[in-house]
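# model the following, please.
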Amino acid sequence: MYTVVLLIEKVMDEADVRLVTTLHEDTPVSFVVVLPGKADHHRLVRALDDVALVRLDEAAEELEREHDPADGGPDVLRRTLDGSVAALRAAGAQAVGETAPGEDPLKILADVVDRHSADEVIVLTDPHLIEEFFHRDWASRARHKVGVPVLKLFAHSTPE
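Got it, this is the predicted structure:
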């Protein structure tokens, strides 16, 4: 069985599930879904990403929004993780989930890769242009920590 650790930032929708489950169609795959939480992704960087993507209204909202302690809290993380695992299972994939809270989510990601003897990491995120430009995005940093191939894919996004 080919084991993929799948790092996500939000609940996977049907398009995301189809994307990751069709990558290795000829090989039985099991997924370990990992959710790093919000602690590592700063509001200013998100606002700069919005500006770079010409989403000016969203950039202003990001900077003006009060910090909500519930944003990224354990309940939100668990619901996001459970929803994504359920979506993968509904598509017929084997999947389990783990959160990666704490000071160093990438160390936790590396531990998950080791514990599950993973063959690959897939990072499924929204575009983060500023972080990507400086190679500070999840995939760029994970490549130096996990010891297996890392594939970066962009999550499906629905206009709001």
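
# buried ones in the strand or helix carrying Lys107?
If you go by DSSP states H and E, Lys107 is part of helix 105-115. Neighbour-count burial for helix 105-115 flags Pro105, Leu106, Ile108, Leu109, Ala110, Val112, Val113 (criterion: 16 or more other Cβ atoms under 10 Å). From N, CA and C alone the C-beta is placed, and that goes for glycine too.

# tell me the contacts of the closest residue to the last one other than its chain neighbours?
Leaving aside its chain neighbours, Val113 sits nearest to Val146 (4.7 Å; criterion: Cβ to Cβ, 6 or more residues apart in numbering). If a contact means Cβ atoms under 8 Å, 6 or more residues apart in numbering, then Val146 has Val5, Leu106, Leu109, Ala110, Val113, Ala118, Val121 as its contacts.

# can you list those residues in CSV and add pLDDT and distance to Arg141?
Listed next are these as CSV, based on pLDDT from 0 to 100; distance: Cβ to Cβ, whole Å:
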residue, pLDDT, distance to Arg141
Val5, 96, 14
Leu106, 83, 6
Leu109, 89, 9
Ala110, 91, 11
Val113, 95, 14
Ala118, 97, 17
Val121, 95, 11
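
# could I get those residues as JSON lines with distance to Ala90?
Output for these, formatted as JSON lines (distance: Cβ to Cβ, whole Å):
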{"residue": "Val5", "distance to Ala90": "20"}
{"residue": "Leu106", "distance to Ala90": "29"}
{"residue": "Leu109", "distance to Ala90": "25"}
{"residue": "Ala110", "distance to Ala90": "29"}
{"residue": "Val113", "distance to Ala90": "25"}
{"residue": "Ala118", "distance to Ala90": "22"}
{"residue": "Val121", "distance to Ala90": "23"}
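
# looking at these, which is nearest Ala139?
Nearest to Ala139 among the contacts of Val146 is Val121, at 8.1 Å by Cβ to Cβ.

# correct me, but the closest one touches Leu7?
Yes: using Cβ atoms under 8 Å, Val121 is in contact with Leu7, at 6.5 Å.

# can you check which residues contact both of those two?
Shared contacts of Val121 and Leu7 (Cβ under 8 Å, 6+ apart): Leu109, Ala142.

# can you show me the helices along the chain?
Using DSSP state H, the helices found in the chain span residues 14-21, 43-52, 56-64, 74-90, 105-115, 129-133, 138-142.

# contacting residues around the fourth one?
Surrounding helix 74-90, the residues in contact under the criterion Cβ under 8 Å, 6+ apart are 8, 10-14, 16-17, 20-21, 31, 33, 35, 37, 70, 95-99, 101.
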